[in-house]
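> the following comprises the amino acid sequence and a computationally predicted model.
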Amino acid sequence: MKIGLIIYGSLDTVSGGYLYDRKLVESLRKRGDQVELISLPWRNYAAHLMDNFHFRLPRGFDLIIEDELNHPSLLKANRQEHFHSVVSLVHNLHSLEPRSAWQNDLYRIVEGSYLNSVDSFIFNSNTTCDAVQALIGEQKPFIVANPPTDRFGLRLNENLIRSRANESNPLRLLFLGNVIPLKGLHVLLEALRHPAFDFRLDVVGSLTVDPTYARKMQEKAKTYGLSSKVFFHGTLDGEALVEQFEHAQVMVMPSSYEGFGIAYLEGMGFGLPAIATTSGAASEFVTDGKTGYLIPPENSSVLADRLATLASDHELLARMSINALKRYQGQPTWEATADCIRDFLLDVIASER
């Protein structure tokens, strides 16, 4: 196959969605397919809408995959004559992110128009699939293909995980995500403001995506008297990130919404119970009270209670840690998922002939 992939910016951008795109490109190329990146510049939403005055879908491909993040730039291009199928790779709907109702009403109109303009879909989760179908009111060909969560393999066995859970205080917490409002670090810091237990929090994620918010979170940690307990590392990858996974005891990221949540499952691969929220797709693999906790979004008091429970009950922490590892082990490998995606793309091409 000869495939064009439309993205914003660089494929090396650090986020779960770009990790998915990057691994998909690697997998297709490994299987002998040609994949050409078509990059549009990162700007604001209004500027992206202006792309519709000049951008056209390129020719010469068997199909085009569009990262749905690019939707404001592609409204007109998808509706003009083109000679290949258009597949939208949907990680998360912009119109489901937390903001004022009137803003999301406008985004919903634009996003719905885009989603109706494509031929088929790759969804990262059942939650995203349901959200798209509810928005466009029809079912087009699709595949639900969970993101790659096995890049680090299995590093710890059950005995090591159980031993780590039974280590004495402080309770070691890991927040893994870009430091932006959506990921909920402000909720976590509020939950830790007056802790009834000793803890250490390592924050791993970009401090430059939203530097104003990141700066506020660093200042909030100081204001709350947590400077000796909260550590901001910025973006980490490779062995530096593995060390964070191995050292932590609990993964905590109280996001307002997640289209999937790769970080949670990666943490489970290291035996970390995941504390996520009830909004979004985390409930597809986090079982409340078994492999972690699901709390209401923006609810710091419930989060504080859950953390205090784990800090005081090492037996519970050990049990949930082992359960988290077992849940991770039941997740399909990315190689198997990549094969399913490729078969789906071949079927899409065949149906157009």
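Done, it's in.
> CA only for contacts and neighbour counts going forward, please
Will do.
> what's the helix ranked longest in the chain in contact with?
Longest helix in the chain, counting residues (DSSP state H): helix 334-351. By CA atoms under 8 Å, 6 or more residues apart in numbering, the residues outside helix 334-351 that reach it are 1, 24, 27-28, 62-63, 84-85, 120, 122, 143, 145-150.
> what about the closest residue to residue 204 other than its chain neighbours, how many residues close to it?
Closest residue in space to residue 204, ignoring its immediate chain neighbours: residue 176 at 4.9 Å, by CA to CA, 6 or more residues apart in numbering. Residue 176 has 26 neighbours, counted by other CA atoms under 10 Å.
> is it true that residue 155 touches residue 270?
Yes. Contact criterion CA atoms under 8 Å: residue 155 and residue 270 qualify, at 6.8 Å.
> these two - which one has more neighbours?
residue 270 (31 against 12).
> assumed that one was part of a strand.
No. Counting by DSSP: H, G, I helix; E, B strand; the rest coil, residue 270 is not found in a strand; it is coil.
> what's the per-residue pLDDT of it here?
We have a pLDDT of 98 for residue 270.
> all numbers from here: first residue = 282
Fine by me, first position is 282 from now on; the one you just mentioned is residue 551.
> that one contacts residue 527, correct?
Yes. With contact defined as CA under 8 Å, residue 551 counts as touching residue 527 (6.4 Å).
> so what sits against both of those two?
Common neighbours of residue 551 and residue 527, using CA under 8 Å, 6+ apart, are residue 437.
> what about the helices in the stretch 532-634 of the chain?
For the stretch 532-634 of the chain, the helices defined by DSSP state H, counting those that start in this stretch occupy 543-549, 581-593, 595-610, 615-632.
> does anything pack onto the first one? Which helices or strands?
Using 3 or more CA pairs under 8 Å, 6 or more residues apart in numbering; DSSP states H and E as the contact definition, the elements that helix 543-549 packs against are strand 555-558, helix 595-610.
> can I get these in a markdown table including distance to residue 314, mean pLDDT and mean neighbour count?
Formatted as a markdown table, these follow (distance: least, CA to CA, whole Å; pLDDT from 0 to 100; neighbours: other CA atoms under 10 Å):
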| stretch | distance to residue 314 | mean pLDDT | mean neighbour count |
| --- | --- | --- | --- |
| strand 555-558 | 36 | 98 | 29 |
| helix 595-610 | 29 | 97 | 22 |
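> format these as a markdown table; extra columns: distance to residue 301.
Formatted as a markdown table, those follow (distance: least, CA to CA, whole Å):
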| stretch | distance to residue 301 |
| --- | --- |
| strand 555-558 | 20 |
| helix 595-610 | 17 |
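> wait, which of these is closest to residue 377?
Residue 377 sits nearest to strand 555-558 of all those, at 14.5 Å, using CA to CA.
> what sits against the nearest residue to residue 398 once chain neighbours are set aside?
Leaving out its chain neighbours, the residue that sits closest to residue 398 by CA to CA, 6+ apart is residue 359, at 5.8 Å. Listed by CA under 8 Å, 6+ apart, the contact set of residue 359 reads 338, 367, 395, 398-399.
> residue 340 is in contact with residue 364, correct?
Yes. Contact criterion CA under 8 Å: residue 364 and residue 340 qualify, at 7.1 Å.
> what's residue 530 sitting at in phi/psi?
Backbone geometry at residue 530, expressed as degrees, to the nearest 10, gives phi -120, psi -20.
> any idea how far residue 528 is from residue 630?
Distance of residue 528 to residue 630, computed by CA to CA, to the nearest Å: 46 Å.
> one more: residue 584?
47 Å.
> okay, those two: which has more neighbours?
Per other CA under 10 Å, whichever of residue 584 and residue 630 has more neighbours is residue 584, with 26 against 15.
> hmm, which of the contacts of helix 615-632 are the buried ones?
282, 305, 308-309, 343-344, 365-366, 401, 403, 424, 426-431 (16 or more other CA atoms under 10 Å).
> residue ranges of each domain in this structure, please.
Listed domain ranges for the chain are 283-430+613-632, 439-610 (source: automatic domain parsing).
> among these, which is the most enclosed?
Of all the domains of the chain, domain 439-610 has the most neighbours on average by mean count of other CA atoms under 10 Å, namely a mean of 20.
> now do the same end-to-end measure for it.
From its first residue to its last, domain 439-610 covers 12 Å (CA to CA).
> how far off centre is it?
Centroid separation between domain 439-610 and its chain, computed with CA atoms, centre = their mean, to the nearest Å, is 15 Å.
> before we move on, the earlier item: which of the contacts of residue 359 lies closest to residue 520?
Taking CA to CA as the measure, residue 520 lies nearest residue 367 of the contacts of residue 359, at 37.5 Å.
> next SSE downstream of the host helix or strand of that closest one?
Using DSSP states H and E, residue 367 maps to strand 366-371. Beyond strand 366-371 in the direction of the C-terminus, DSSP H and E gives the next helix or strand as helix 382-396.
> perfect, that will be all.
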